[in-house]
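Enquirer: Need a 3D model of the sequence below.
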Amino acid sequence: MSALQNLAAVSGSIGSIGYGLAAIGPGIGVGIVFGNGTQALARQPEAAGLIRQNQILGFAFCEALALIGIVMPFVYGIK
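Expert: Next up, the predicted model:
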């Protein structure tokens, strides 16, 4: 069975597959934000307030991308 036949055999919502792939990016981004934030807190604990504020802002931006990714299959769904 060729790759094209396998793709044609996929049944269900292609949007859910697309969202699964789109969720990889924000997941990696959140890991990078908190990993680097933890390193920064370990290196300079006196700047904890500023580092934590930037972590929360970075987390919010990454999660906004994930939420946009979950909405797009509904907006541009196949009818």
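Enquirer: What average pLDDT does the lengthiest helix in the chain get?
Expert: Ordering each helix of the chain by length in residues (DSSP state H) puts helix 48-75 first. Averaged over helix 48-75, pLDDT sits at 88.
Enquirer: and what of stretch 30-38?
Expert: Per-residue scores along stretch 30-38 average to 94.
Enquirer: what does that stretch rub up against?
Expert: Contacts of stretch 30-38 from elsewhere in the structure, counted by Cβ atoms under 8 Å, 6 or more residues apart in numbering, are Ile51, Arg52, Asn54, Gln55, Gly58, Phe59, Cys62, Glu63. Every residue, glycine included, has its C-beta placed from N, CA and C.
Enquirer: what about Ala22, neighbour count?
Expert: For Ala22, the count of nearby residues is 18 (other Cβ atoms under 10 Å).
Enquirer: my guess is it meets Gly69, correct?
Expert: Yes - here Ala22 reaches Gly69: they are 3.6 Å apart, a contact under Cβ atoms under 8 Å.
Enquirer: so which helix or strand takes in the most centrally placed residue in the chain?
Expert: Within the chain, one residue has its C-alpha closest to the average C-alpha position: by Cα atoms, centre = their mean, that is Pro26, at 1.8 Å. Applying DSSP states H and E as the criterion places Pro26 in helix 24-43.
Enquirer: what's the offset of that helix from the middle of its chain?
Expert: Going by Cα atoms, centre = their mean, to the nearest Å, the spacing between the C-alpha centre of helix 24-43 and its chain's C-alpha centre is 13 Å.
Enquirer: What residues of that helix count as buried?
Expert: The neighbour-count check on helix 24-43 (16 or more other Cβ atoms under 10 Å) flags Pro26, Gly29, Val30, Val33, Gly37, Ala40 as buried.
Enquirer: same deal with stretch 51-65?
Expert: Within stretch 51-65, the residues that qualify as buried are Ile51, Gln55, Gly58, Phe59, Cys62, counting by 16+ other Cβ under 10 Å.
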